[in-house]
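J.: Kindly generate the corresponding structure for this input.
(one chain, ligands or ions: 1)
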Amino acid sequence: MSKQKNSLPPIILDDVQQICTNAAWALKRLEGKTILIAGAAGFLPSYFVHTLAYANLEMLKRPCKVICLDNFRTGKAERLLPWKGHKNIKFLTKDIIKPLNIKDDIDYIIHGASIASPVWYRKFPLETIDANVIGTRRLLDLARVQKSAGFLYLSSSEIYGDPLKQFIPTSEDYWGNVSSTGPRACYDESKRLAETLCMTYYRQFDVPVKIIRPFNVYGPGLRLDDGRVVPDFIKNALEKKTITIFSNGKVTRSFCYVTDAISAMIMLLTNDKADGEAFNVGNDEEVTIFKLAKTVDEVVGNKEGVNFVENSDKAYLKDNPQRRVPNLGKIQKTIDWTPRIPLAEGLRRTICFYKGDKE
Ligand SMILES: NC(=O)c1ccc[n+]([C@@H]2O[C@H](COP(=O)([O-])OP(=O)(O)OC[C@H]3O[C@@H](n4cnc5c(N)ncnc54)[C@H](O)[C@@H]3O)[C@@H](O)[C@H]2O)c1
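T.: All right, here's what the predicted structure looks like:
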């Protein structure tokens, strides 16, 4: 039989090859294993699918089996099309809040199933809470029954809320400054409770959980209508419009390119030292939203400038964290990893993807 090929867009293929180089030893540990990816049609989870499927073709002597599960609430089936018909890649349309009835033996679970964009979780607060609380419990039960070797939960830097200034950059031992009643609480608080569930299953049932707190990860494949700030600004710039900022532009974030984040998460998935621990995954280059807008304009070559506008959604800025920067000390003591892709380079790659550039 002829070797199966991949049909990934060139930039994503290049990203995946980079991840395979960065995380080669960790990927080798997944040889012959079965990995369930919840939320597989989402932006970040689809990068796990691409990486494992590509590793099967090019790196692993014994392929791993990848089970892709999604309810397509915000995920896009097109993201997974390159792997349709591939041996060892299986697709399940399921909601993690319903009984899972999974018959396969699962060695590793990567749980990235949640509504993730503020615009969407404010529209679907109960679905967001259910995926993170009921869904996480179901997946943890599966890991417990199956005695899985690793459970990676994609929590969020949002669990820190709006950190007090003495806790910036923020390390994992910061307890957070979070509203339990505001419009963001459905996401922040359900992520916090999901972390508590993970730690309870670790302590009571030895489920080897690893909690990841991603800080604003972006890259090729993010939906342009996702409502998060990077695709919003890129969309404005590509349409040669003024970039609209729904704030004074002074709040800060730290943006992490997808290859850096996925490499770190794969290294942690198979690392026993990470069991029962939470890790910040991000880039510690802090930038204002205004600087992000200017950088997007520069990379696109748009000359329309920026415009500060009040959002018609009055809850848009409520409880909005003012500064967000990860302290990377803990992860860097655990794995040999550092974020490598600077913001302008990551944006250039992301924009190339949207423009369909081949080089
Ligand atoms: N991208 C980031 O910067 C970032 C930052 C912090 C946390 N995270 C977390 O990482 C995970 C992936 O985020 P993303 O940015 O790729 O978002 P995404 O919206 O692209 O992906 C999430 C996926 O989960 C699926 N999903 C949602 N509810 C589900 C359910 N009940 N059952 C099955 N599937 C369901 C969606 O359809 C989607 O495909 C999420 O848990 C998110 O909270 C992401």
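
J.: Confirm Tyr153 sits in a helix?
T.: No - with the criterion set as DSSP: H, G, I helix; E, B strand; the rest coil, the secondary structure at Tyr153 is strand rather than a helix.

J.: Isn't it up against Thr196?
T.: No - with contact defined as Cβ atoms under 8 Å, Tyr153 does not reach Thr196; the gap is 11.1 Å. All C-beta spots, glycine's among them, are computed from the backbone N, C-alpha and C.

J.: Quick check on these two: which one has the bigger neighbour count.
T.: Residue environment comparison for Tyr153 versus Thr196 gives the larger neighbour count to Tyr153, 26 against 11, counting by other Cβ atoms under 10 Å.

J.: can you tell me which helix in the protein is longest?
T.: With DSSP state H setting the assignment, residue counts place helix 185-205 as the longest helix in the chain.

J.: contact partners of the helix or strand following it?
T.: Remark: after helix 185-205, the chain's next helix or strand is strand 209-214, criterion DSSP states H and E. Around strand 209-214, the neighbours that count as contacts under Cβ atoms under 8 Å, 6 or more residues apart in numbering are 44, 140, 143, 150-157, 159-160, 172, 195, 198-199, 201-202, 256, 261, 265, 268-269, 271, 274-282, 326.

J.: Tell me the residues of the stretch 51-200 of the chain that contact the ligand?
T.: Within reach of the ligand by Cβ under 6 Å from any ligand atom, the stretch 51-200 of the chain has these residues: 70-75, 95-97, 112-116, 131, 135, 154, 156.

J.: Filter these down to the buried ones and express that as a PyMOL selection.
T.: Selection of buried members from these for PyMOL, criterion 16 or more other Cβ atoms under 10 Å:
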select buried, resi 70+71+73+74+75+95+96+97+112+113+114+115+116+131+135+154+156
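
J.: Mind jotting down where the strands sit in this protein?
T.: 34-38, 65-70, 89-93, 108-111, 150-154, 209-214, 217-218, 243-245, 252-254, 256-257, 277-281, 286-288, 306-308 (DSSP state E).

J.: among those strands, which is nearest Gln18?
T.: Comparing the strands of the chain against Gln18 with Cβ to Cβ, the closest turns out to be strand 256-257 (9.8 Å).

J.: Give me the contact list for the closest one.
T.: Residues external to strand 256-257 that are found in contact with it (Cβ under 8 Å, 6+ apart): 214-219, 281-283, 339, 341, 345-346, 349.

J.: contacting residues around the one residue sitting closest to the centre of the chain?
T.: Nearest to the geometric centre of the chain sits Leu44, at 4.1 Å (Cα atoms, centre = their mean). Listed by Cβ under 8 Å, 6+ apart, the contact partners of Leu44 are 112, 154, 214, 217, 258, 261-262.

J.: do that again at 6 Å, thanks
T.: With contact set as Cβ atoms under 6 Å, 6 or more residues apart in numbering, Leu44 has these partners: Gly112.

J.: cool, the one 4 residues further on as well?
T.: Shown in contact with Phe48 (Cβ under 6 Å, 6+ apart): 37, 110.

J.: ok, now Ile19?
T.: Neighbouring residues of Ile19 by Cβ under 6 Å, 6+ apart: 51, 259, 262-263.

J.: can these go into TSV with extra columns for neighbour count?
T.: Formatted as TSV, the entries for the contacts of Ile19 read as follows, by neighbours: other Cβ atoms under 10 Å:
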residue	neighbour count
Thr51	26
Thr259	28
Ile262	27
Ser263	27
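
J.: Would you pull up the residue in the stretch 51-200 of the chain closest to the ligand?
T.: Using Cβ to the nearest ligand atom, the single residue of the stretch 51-200 of the chain nearest to the ligand is Gly75, 2.1 Å away.

J.: Now that residue, what are its backbone angles?
T.: Dihedral pair for Gly75: phi -80, psi 160, per degrees, to the nearest 10.

J.: For the nearest residue to it once chain neighbours are set aside, the count of nearby residues, please.
T.: Leaving aside its sequence neighbours, Gly75 sits nearest to Ala41 (Cβ to Cβ, 6 or more residues apart in numbering; 2.9 Å). Ala41 is surrounded by 24 other residues when neighbours are defined as other Cβ under 10 Å.

J.: And Ala41, its phi and psi?
T.: Taking degrees, to the nearest 10 as the convention, Ala41 sits at phi -90, psi 10.

J.: That'll do, ta.
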